[in-house]
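Student: Sequence isn't available, so here's the structure alone:
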């Protein structure tokens, strides 16, 4: 297991502890509380979620003030952007991008007050994340994926986005 710091304080890039491949396929240990805590990631996760999206779908930038997330790609490939959304931080508006895929098996640990968004690069991708809090739609913030203040580079100029991500605020889904 390797854990690397990134340019954003608190955001970590993680290579999972076990990846085994042979003629049958691949086995990946995506989380082991004892190992992750021994590497300084003392986060208690309470909920796991996935989203399945098609190529050029962009989801985010979403976050809240309380939740840690551990993000990985179970299938396919996506471009992940993490942005410091803490208006009280000297690093507000700073962002970093990562490419996560079923091939590289990288994970990104995202602290509270950071928004994350991902753009699917492959035909289809499965985005997986562990959360340290239960989902609370009222606590969510959305930052426009193309907000000119942040100058985020995306590999697609006209992604497919939801109404929430087009207008930049939470919209109840029915």
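Tutor: Happy to help now that I have it. Just so it is clear, the model here is predicted, and its values are computed rather than measured.
Student: mind listing the strands for this structure?
Tutor: Secondary structure of the chain (DSSP state E): strands located at 2-5, 12-15, 18-22, 25-29, 47-54, 58-63, 69-75, 77-84, 95-101, 107-110, 114-120, 124-131, 141-142.
Student: Packed most tightly, which of the ones you listed would that be?
Tutor: Neighbour counts averaged per stretch over the strands of the chain are highest for strand 114-120, at a mean of 25; criterion: mean count of other C-beta atoms under 10 Å. In short, each C-beta sits where N, CA and C put it, glycine included.
Student: What residues does the closest residue to residue 3 other than its chain neighbours make contact with?
Tutor: Among residues not flanking residue 3 along the chain, residue 39 sits closest, at 4.7 Å (C-beta to C-beta, 6 or more residues apart in numbering). Contacts for residue 39 (C-beta atoms under 8 Å, 6 or more residues apart in numbering) come out as 1, 3, 14.
Student: and the gap between the last one and residue 35?
Tutor: When C-beta to C-beta, to the nearest Å is the yardstick, residue 14 and residue 35 sit 10 Å from each other.
Student: can you list residues touching both of those two?
Tutor: Shared contacts of residue 14 and residue 35, counting by C-beta under 8 Å, 6+ apart, come down to residue 1.
Student: Tell me which residues are up against stretch 62-71.
Tutor: 14, 31, 41, 43, 45, 80, 85, 100, 107-118, 127-133, 136, 139-143.
Student: Distance of the residue nearest to residue 3 relative to residue 91?
Tutor: Distance from residue 39 to residue 91, by C-beta to C-beta: 23 Å.
Student: shaky segments in the protein?
Tutor: 169-174 (pLDDT under 70).
Student: Distance of the residue nearest in space to the middle of the chain relative to residue 25?
Tutor: The centre of the chain sits closest to residue 71, judged by C-alpha atoms, centre = their mean, with a distance of 4.5 Å. Distance, residue 71 to residue 25, by C-beta to C-beta: 23 Å.
Student: same thing with residue 90?
Tutor: Taking C-beta to C-beta, one finds residue 90 at 46 Å from residue 25.
Student: now do residue 157
Tutor: Relative to residue 25, and taking C-beta to C-beta, residue 157 is found at 36 Å.
Student: one step back: figure out which of the strands of the chain is closest to residue 153.
Tutor: strand 95-101 (7.2 Å; C-beta to C-beta).
Student: In its sheet, which strands sit next to that closest one, and in what direction?
Tutor: The pairing partners recorded for strand 95-101 under DSSP bridges are strand 77-84 (antiparallel).
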